[in-house]
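> This is a predicted model, with the sequence first.
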Amino acid sequence: MKLIDKLLDALSPPMIKCVICGREIDKSKHGICDKCMKEMPLNLHVCKKCGVDIRTMNVYCDTCGKNQLLFNEARSVCRFEGYAKTLVYRLKFGNHRYLADVMAHMMKKIFDGQHWLIDEITFIPISAETKRKRGYNQAKLLADSLGKLTGLPVVNLANKVRDLGPQEGKTYDERFTDMAGIFEIAAKPKPNVLIVDDVKTTGATLNEMTKVLRENGCENVYCLTFASNVRKIPME
């Protein structure tokens with residue numbers, strides 16, 4: 001082994017620890033061992049529009065069969081449960097910012113499987129008050145990591161002008177209504193934009209962000225999240 005290789009190995013060991021179970025793994029695994037990866041609740045057969053795991057042979061989920069979401073398509077890596085939920089909570093609330101790189105590698109695999117023409121990546125913004133309390137925006141961390149992996153520019157295109165009250169227990173329609181006017185444009189978007197976020201629940205947040213981008217000249221909007229909620233929300 002050349003001296004330079006020895007020095008590089010010393011500075012950057014080839015083995016790291018799995019972010020879930022802690023066992024040593026090779027760097028090529030990007031932070032998750034084979035055993036834990038097998039237990040990740042990966043989305044398999046998804047709705048062609050919103051990307052939710054529908055676990056049927058249908059092309060669209062019941063919700064997308066009844067409503068017209070404004071974004072072109074959305075996809076997510078996992079169902080919001082099990083290890084996926086653990087990673088999201090650690091990134092979002094536990095200050096484990098390094099997890100953004102791990103999760104972005106999984107997101108890139110989904111991104112590479114799509115036929116999306118993307119000019120730039122943006123992210124769901126958080127309010128100034130939330131950023132003051134948390135110290136960072138987990139969606140921006142994911143977007144920045146994905147930008148490095150894809151070579152696409154990451155741009156802050158919108159600001160969040162107010163926070164919402166608790167959404168639990170609200171109907172599908174109520175969540176969409178509450179989102180109205182929550183974002184304002186921060187920079188003119190390019191024609192084809194990818195929105196990144198950690199979790200998609202109903203799609204209301206992504207839909208409102210898409211609305212703002214389209215109103216300001218964006219032609220095509222795609223969405224990519226690490227996880228998505230599989231709970232079916234009845235129409236009322």
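Sure thing, it's come through.

> How many neighbouring residues does the nearest residue to Lys109 once chain neighbours are set aside have?
Sequence neighbours aside, Val77 is the residue nearest to Lys109 in space, at 7.7 Å (criterion: C-beta to C-beta, 6 or more residues apart in numbering). Every residue, glycine included, has its C-beta placed from N, CA and C. Neighbours of Val77 under the rule other C-beta atoms under 10 Å: 25.

> and Val77, which of the three is it?
Three-state call for Val77 (DSSP: H, G, I helix; E, B strand; the rest coil): strand.

> isn't it right up against Lys200?
No - using C-beta atoms under 8 Å, Val77 is not in contact with Lys200; the gap is 10.9 Å.

> Mutual contacts of the two, please.
Thr225, Ala227 (C-beta atoms under 8 Å, 6 or more residues apart in numbering).

> ok, back up a step: if I pick the residue nearest to Lys109, what's in contact with it?
Leu42, Asn43, Ala84, Met103, Met106, Met107, Lys109, Ile110, Thr225, Phe226, Ala227.

> Now the buried members of those.
Among the contacts of Val77, those buried by neighbour count (16 or more other C-beta atoms under 10 Å) are Leu42, Asn43, Ala84, Met103, Met106, Met107, Ile110, Thr225, Phe226, Ala227.

> Inside strands: which ones of those?
Per DSSP state E, strands hold the following members of these: Thr225, Phe226, Ala227.

> In space, what's closest to the last one - neighbours in sequence excluded?
I take that to be Ala227. Counting by C-beta to C-beta, 6+ apart, the residue nearest Ala227 is Phe80, at 4.1 Å.

> residue contacts, that neighbour?
With contact taken as C-beta under 8 Å, 6+ apart, Phe80 is in contact with Val88, Val199, Thr201, Ala227, Ser228, Asn229, Val230.

> do you know how far it is from Ser145?
19 Å (C-beta to C-beta, to the nearest Å).

> Which parts of this protein are strands?
Counting by DSSP E, the strands of the chain are 15-17, 24-26, 73-79, 120-123, 158-160, 183-185, 192-200, 220-228.

> Need the winner for burial among those.
Among the strands of the chain, strand 220-228 has the highest mean neighbour count (mean count of other C-beta atoms under 10 Å), at a mean of 26.

> That one to strand 192-200, inter-axis angle?
Orientation check (axes from the mean of the first three to the mean of the last three C-alpha atoms, to 10 degrees): strand 220-228 against strand 192-200 gives 20 degrees.

> For strand 220-228, which strands pair with it and how are they oriented?
strand 73-79 (parallel), strand 192-200 (parallel) (DSSP bridges).

> mean confidence for that strand?
For strand 220-228, the mean per-residue pLDDT is 97.

> how about low-confidence regions in this structure?
The chain contains residues with pLDDT under 70 at 1-15, 65-67, 165-169, 231-236.

> Nearest the geometric middle of it, what residue?
Here the mean C-alpha position of the chain is nearest to the C-alpha of Thr225 (C-alpha atoms, centre = their mean), at a distance of 2.2 Å.

> So Glu126 sits against Ala139, correct?
I think there's a mix-up here, since residue 126 is Ile and not Glu. Yes - using C-beta under 8 Å, Ile126 makes contact with Ala139 at a distance of 7.4 Å.

> Between these two, which has more neighbouring residues?
Ala139 (24 against 19).

> Would you mind confirming that that one is in contact with Phe123?
Yes - the criterion here is C-beta under 8 Å, and Ala139 meets it with Phe123 at 4.1 Å.

> Mutual contacts of the two, please.
Taking C-beta under 8 Å, 6+ apart as the criterion, Ala139 and Phe123 both touch Val196, Asp197.

> so where do the helices sit in this protein?
With DSSP state H as the criterion, the chain has helices at 3-11, 34-38, 82-93, 99-112, 128-134, 138-150, 172-179, 204-215.
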